[in-house]
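>>> turn this into a model:
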Amino acid sequence: MRIERLNYNKIKIFLTSDDLMERGLTKEDIWKDSLKWHQLFHDMLEEASDEFGVKIEGSVAVEIFSMHAQGMIMIVTMEEEEEEQSLQDGFIDMAVTANNNENILFEFESFEDIIQLTKHLRNLNVLGGKLYNWNQKYFLSLKEDSLHQPDSVIAILSEFGDVSLRGIPWLEEYGQNVINDHAIETIIEYFLAK
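Below is the predicted model:
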């Protein structure tokens, strides 16, 4: 589990499939509103509260992005309370929104990271993909159903970059589409050809 503070009232929690399995949970438990899920959620909020020194109570909005083989990302937003609103200490009102994603999207600090990654992806016969650029970072999108060994591919992607919170529609609107199709093959051809 990885926790990151995005701003004063928003945190990101990344849980891998292994993190969920270690806690005896599946992604389906979230939709069932199970007791195990509530316990995990409260444990995560406690850890985030301790790590970042914030008091999490009142209303929180939770957006869950399911990444299939990658696990899931939760964005927890602590709603600002109005002064006249009185809440009991420790009260958390949770609203959950879920989004499924059929694409794996990772972000990278430099184009060199993409080139080094592509060497490894070539060895796993991973082809295709789209490459975007935004704010001096690169984003590689791969269709999960086209991967023969998704866990191995995700492990390699994680060595060179991070799971991205940006969505492809957002990148297409605000970012630059560097390579629209066959990104891996194009990088191999221009940067790794012997």
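
>>> burial count for residue 157?
By other CB atoms under 10 Å, 22 other residues sit near residue 157. Using the backbone N, CA and C atoms, a C-beta is placed for each residue, glycine as well.

>>> any idea which helix or strand carries it?
Applying DSSP states H and E as the criterion places residue 157 in helix 150-160.

>>> do a quick rundown of the strands in the protein.
2-7, 10-15, 58-66, 72-78, 92-100, 103-108, 130-134, 137-143, 162-163, 176-179 (DSSP state E).

>>> quickly, which of those bottoms out on average pLDDT?
The stretch with the lowest mean pLDDT among those is strand 92-100, at a mean of 46.

>>> ok, now which ones touch the closest residue to residue 6 other than its chain neighbours?
Sequence neighbours aside, residue 12 is the residue nearest to residue 6 in space, at 5.5 Å (criterion: CB to CB, 6 or more residues apart in numbering). Under the criterion of CB atoms under 8 Å, 6 or more residues apart in numbering, the neighbours of residue 12 are 3, 4, 5, 6, 73, 74, 75, 76, 165.

>>> closest one to residue 118 among the strands of the chain?
Residue 118 sits nearest to strand 137-143 of all these, at 9.0 Å, using CB to CB.

>>> show me what the closest one is in contact with.
Contacts with strand 137-143, where a contact means CB under 8 Å, 6+ apart, come from 102-111, 113-114, 117, 126, 128-133, 153, 157, 161, 164, 166, 168, 171, 175, 178, 183.

>>> the residue nearest to residue 6 and residue 188, how far apart?
Distance, residue 12 to residue 188, by CB to CB, to the nearest Å: 32 Å.

>>> now residue 44: closest residue in space, sequence neighbours ignored.
The spatial neighbour of residue 44 that comes closest, neighbours along the chain excluded (CB to CB, 6+ apart), is residue 13 at 5.4 Å.

>>> that older thread, okay, the angle between the helix holding residue 157 and strand 137-143?
Computed by axes from the mean of the first three to the mean of the last three CA atoms, to 10 degrees, the angle separating helix 150-160 from strand 137-143 equals 180 degrees.

>>> contacts for helix 150-160 next, please.
The set of residues that contact helix 150-160 without belonging to it, under CB under 8 Å, 6+ apart, is 68-70, 104, 106, 108, 113-114, 116-117, 120-121, 124, 126, 140, 142, 144, 147.

>>> and the angle from that helix to strand 103-108?
Note on geometry: by the same axes, to 10 degrees, helix 150-160 and strand 103-108 are set 20 degrees apart in direction.
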